[in-house]
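**Q** Here is a sequence together with a model predicted from it:
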Number of protein chains: 2
Amino acid sequence: MIGIDWGTTSFRAFRLDAAGAVQAQRAAPRGILAIEGGQFEEELLRQVGDWIAEGEDHILMSGMIGSRQGWQEAPYVACPAGAADLAASLVAVPCTGATVRLVPGLSHRDAGGTPEVMRGEETQIVGVLDDAAGAAIACLPGSHSKWARIEGGRIAGFETYFSGEAFAALRGHTILGRLMRDGPADPAAFDRGLARAGEGGHLLHHLFGVRTLGLFGRLAEEAAPSYLSGLLIGHEVRAALPPGGAAVHLIGARTLCDLYARAIAAAGSQATVHGEDAAARGLARLGKDASWT
Amino acid sequence: MIGIDWGTTSFRAFRLDAAGAVQAQRAAPRGILAIEGGQFEEELLRQVGDWIAEGEDHILMSGMIGSRQGWQEAPYVACPAGAADLAASLVAVPCTGATVRLVPGLSHRDAGGTPEVMRGEETQIVGVLDDAAGAAIACLPGSHSKWARIEGGRIAGFETYFSGEAFAALRGHTILGRLMRDGPADPAAFDRGLARAGEGGHLLHHLFGVRTLGLFGRLAEEAAPSYLSGLLIGHEVRAALPPGGAAVHLIGARTLCDLYARAIAAAGSQATVHGEDAAARGLARLGKDASWT
């Protein structure tokens, strides 16, 4: 089968064998925002038409392609949900010459009743379920980081943190950014930001400290971006980790996952970093569980 | 005497009688950023030269005019500090035809050792000290809100919160803003944001809820700015109020102070709103305590 992780800004395709191993893979900057006039079928054929022609006619897609802005909407499945629940809720999309299914996203309500959604991340989490026996946490850092509780092989619930996008806005559009200069990542400054987050005190107060440390010559302009990153990630990790800590499975780009692993260690827990192939593993697992009728 | 509150973006002058009452006042959008080539003396004469000519030749100035970017730097005085400490640390500025003094700003270190500074706000706080007997809190909301502890008639220490500028950056430069439309202030949405802040949970998580509430049709585009404002102010107030609550003296623009008073009441404390004349009262008090040699 072919597994596709089709997000807002990128398209990734995996050719999978019967055991779920990746035989070939392709990526293109052809996220759904780049596709004009709803020509998703045409784009799919452009990207993997040769694989289909070779007989690989079962295609499973996850990500924003199943959103209202995508090819067709695949309604959210409510947590708790595991691989079997997702596989039972695949949505068929008409496509010439291939059997195409969409993986639905997941929805949840947090303790206060505010809705939560994910689309694409559920498939990546499914890709690490075999490594997350018993109770564990999956964290997918990014603009909108997802923290999911895994219980008994299912996703029990999740929370989203706005840290990545908040960093960009604070760095680019506040007085804090004016005291910063781009430079190489500075692990010591990142650790100082983490330590500050661990002191207690509110993020809104700690943010102003980025400015005063700079004004008092205690934070160099090149170090300030790493400090701010450590501050935000440190706050996120300490808020998202359950009391008493947890085994965390990090999924995503290596550099960012390594920063989160550092923050999780500073907060007293342990993290395992999974590569970006979690999506392929998740798609293979869901494809195996699915009934392709 | 003449009291002047000369900040980054605005200039306000008060003609004060011997009892400290305001006889006349003037304001102009002539903050220090608008003054080119360091021509502060010329600007001062342009604004209040007629008062000086009439014999009002003692001038006391507070605000960013005493910063490195202002007329002359007036070094910070460390907390705890009261009116007498500030009055004893005025800095003389040479000026033809008038005796001019600068009020120094205040510095402090928070529990984690990170520096804090204020410049201008200390004079406004001095203006409400007579109303803040015993232990109280002064809060000056704004881009960088100040929360000062008043103990025994002195400013014991203070903390700054980045809420105002964070609001602007989140509203203007993140995906949250794309689900918002400008509209009249919406007190019900503001209260919902306050309630959300009171639920517990981290601000970085609550921010993403602004998006999901919008996506699920539970927060109208016109209501979203007020909700975000309530969320940020609610977080700030709950973090800054001491455990057990406190009597809070709010100083600043009426509309913003009213929002903070609402947030403080929702958190179980009581606030008194002081008008913007706190600066004039503080300048009068410091002028009385000063030795104009």
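**A** Here it is on my side, so go on. Residues are numbered from 1 along each chain as shown, chains lettered A, B, ... in the order given.
**Q** any idea where the helices of the stretch 1-150 of chain A begin and end?
**A** Taking DSSP state H, counting those that start in this stretch, the helices of the stretch 1-150 of chain A run over residues A:40-53, A:83-87, A:121-126.
**Q** what pLDDT does A:D110 get?
**A** The confidence metric pLDDT takes the value 87 at A:D110.
**Q** My read is that it contacts A:E159, right?
**A** Yes: the pair A:D110 / A:E159 is scored as a contact, 5.9 Å apart, by CB atoms under 8 Å. In this view, the C-beta of every residue, glycine as well, is placed from N, C-alpha and C.
**Q** hey, what's in contact with both of those two?
**A** Jointly contacting A:D110 and A:E159 under the rule CB atoms under 8 Å, 6 or more residues apart in numbering or on different chains are A:116, B:205.
**Q** The two - which one has more neighbours?
**A** Ranked by neighbour count (other CB atoms under 10 Å in any protein chain shown), A:D110 and A:E159 place A:E159 first, with 23 against 19.
**Q** Just list whatever residues bridge to that one.
**A** For A:E159, the beta-bridge partners are A:W147 (DSSP bridges).
**Q** give me every residue that touches it.
**A** Residues in contact with A:E159 (CB under 8 Å, 6+ apart) are A:110, A:116, A:146-147, A:240, B:205.
**Q** Now the buried members of those.
**A** A:110, A:116, A:146-147, A:240, B:205 (16 or more other CB atoms under 10 Å in any protein chain shown).
**Q** Among those residues, pick out the one closest to B:G38, please.
**A** B:H205 (47.1 Å; CB to CB).
**Q** buried set for the one helix or strand that closest one maps to?
**A** Assigned by DSSP states H and E, B:H205 falls within helix B:203-215. Buried residues in helix B:203-215, defined by neighbour count with 16+ other CB under 10 Å: B:203-214.
**Q** quick one on the thing from earlier: could you dump the buried ones among the contacts of A:E159 into JSON lines and include distance to B:H274?
**A** Shown next, in JSON lines, are the buried ones among the contacts of A:E159 (distance: CB to CB, whole Å):
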{"residue": "A:D110", "distance to B:H274": "38"}
{"residue": "A:E116", "distance to B:H274": "42"}
{"residue": "A:K146", "distance to B:H274": "45"}
{"residue": "A:W147", "distance to B:H274": "43"}
{"residue": "A:A240", "distance to B:H274": "40"}
{"residue": "B:H205", "distance to B:H274": "35"}
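**Q** Of those, which is the nearest to B:E43?
**A** So of these, ranked by how close each gets to B:E43 (CB to CB), first place is B:H205, at 47.4 Å.
**Q** Just give me the neighbour total for the closest residue to A:R26 other than its chain neighbours.
**A** Nearest residue to A:R26 in three dimensions, chain neighbours excluded: A:A13, at 4.8 Å (CB to CB, 6 or more residues apart in numbering or on different chains). Look at A:A13: counted by other CB under 10 Å, it has 22 neighbours.
**Q** show me what contacts A:A13?
**A** Here A:A13 is in contact with A:2-4, A:25-27, A:47-48, A:51 (CB under 8 Å, 6+ apart).
**Q** try 6 Å
**A** A:A13 sits next to A:4, A:26, A:47-48 when contact means CB atoms under 6 Å, 6 or more residues apart in numbering or on different chains.
**Q** ok, which pair from these is furthest apart?
**A** Among the contacts of A:A13, the pair separated by the greatest distance (CB to CB) is A:I4 and A:R26, which sit 9.5 Å apart.
**Q** Name the residue in the two with the higher neighbour count.
**A** For A:I4 and A:R26, the more surrounded residue by other CB under 10 Å is A:I4, and the numbers stand at 24 against 14.
**Q** where's that one relative to A:L44, distance?
**A** A:I4 sits 8 Å away from A:L44 when distances are taken as CB to CB, to the nearest Å.
**Q** How about A:V248?
**A** For A:V248, the distance to A:L44 - CB to CB - is 35 Å.
**Q** do A:A290 as well
**A** 18 Å.
**Q** ok, now A:I52?
**A** Taking CB to CB, one finds A:I52 at 9 Å from A:L44.
**Q** So these two - more neighbours on which side?
**A** A:L44 (26 against 18).
**Q** What spatial separation is found between the closest residue to that one other than its chain neighbours and chain B?
**A** Closest residue to A:L44 apart from its sequence neighbours, by CB to CB, 6+ apart: A:C95 at 7.0 Å. The gap separating A:C95 from chain B is 27 Å, by CB to the nearest CB, to the nearest Å.
**Q** got it, and A:I59?
**A** 27 Å.
**Q** hang on, A:C95 packs against A:E41?
**A** Yes: A:C95 lies in contact with A:E41 (CB atoms under 6 Å); the separation is 5.5 Å.
**Q** between the contacts of A:A13, which is nearest chain B?
**A** A:I4 (23.9 Å; CB to the nearest CB).
**Q** from memory A:R171 sits against A:G177, does it?
**A** Yes: using CB under 6 Å, A:R171 makes contact with A:G177 at a distance of 4.8 Å.
**Q** pLDDT of stretch A:214-234, averaged?
**A** According to the model, stretch A:214-234 has a mean pLDDT of 96.
**Q** now stretch A:40-48
**A** pLDDT averaged over stretch A:40-48 gives 97.
**Q** Spell out which parts of the stretch 1-150 of chain A neighbour chain B.
**A** Within the stretch 1-150 of chain A, the residues that sit near chain B (CB under 6 Å from any CB of the partner chain) are A:112, A:114-115, A:144.
**Q** how about those residues in TSV, adding distance to A:E56 and neighbour count?
**A** Shown next, in TSV, are those (distance: CB to CB, whole Å; neighbours: other CB atoms under 10 Å in any protein chain shown):
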residue	distance to A:E56	neighbour count
A:G112	45	14
A:T114	41	23
A:P115	37	16
A:H144	33	21
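**Q** OK, contacts around A:L129?
**A** A:G153.
**Q** Can you tell me the centre-most residue of chain A?
**A** By CA atoms, centre = their mean, chain A has its centre lying nearest to A:L140, at 3.8 Å.
**Q** Against A:E276, how distant is the closest residue to that one other than its chain neighbours?
**A** Nearest non-adjacent residue to A:L140, counting by CB to CB, 6+ apart: A:K146, 4.5 Å away. Note on A:K146: its distance to A:E276, by CB to CB, is 15 Å.
**Q** where in chain A is pLDDT low?
**A** For chain A, the stretches with pLDDT under 70 are A:293.
**Q** Which ones among the residues of the stretch 1-150 of chain A next to chain B map onto strands?
**A** A:P115 (DSSP state E).
**Q** Check whether A:S143 really touches A:F167, as I assumed.
**A** No: A:S143 lies out of contact with A:F167 (CB under 6 Å); the separation is 8.9 Å.
**Q** who are the neighbours in contact with the closest residue to A:P104 other than its chain neighbours?
**A** Excluding the flanking residues, the one nearest A:P104 by CB to CB, 6+ apart is A:A74, at 4.2 Å. The contact partners of A:A74, by CB under 6 Å, 6+ apart, come to A:66, A:91, A:102, A:104.
**Q** Over to A:L16?
**A** A:1, A:3, A:284.
**Q** burial count for the last one?
**A** It stands for A:A284. So A:A284, with other CB under 10 Å, has 25 neighbours.
**Q** element containing it, please.
**A** Counting by DSSP H and E, A:A284 is part of helix A:278-289.
**Q** Can you report phi and psi for A:R181?
**A** A:R181 adopts backbone torsions of phi -130, psi 140, taken as degrees, to the nearest 10.
**Q** ranges for the strands of the stretch 101-250 of chain A?
**A** A:106-109, A:115-118, A:136-140, A:145-151, A:154-161, A:247-251 (DSSP state E, counting those that start in this stretch).
**Q** What residues of the first one count as buried?
**A** So that's strand A:106-109. Here strand A:106-109 shows A:106-108 as buried, counting by 16+ other CB under 10 Å.
**Q** Show me what that strand is packed against.
**A** Judged by 3 or more CB pairs under 6 Å, 6 or more residues apart in numbering or on different chains; DSSP states H and E, strand A:106-109 is in contact with strand A:115-118.
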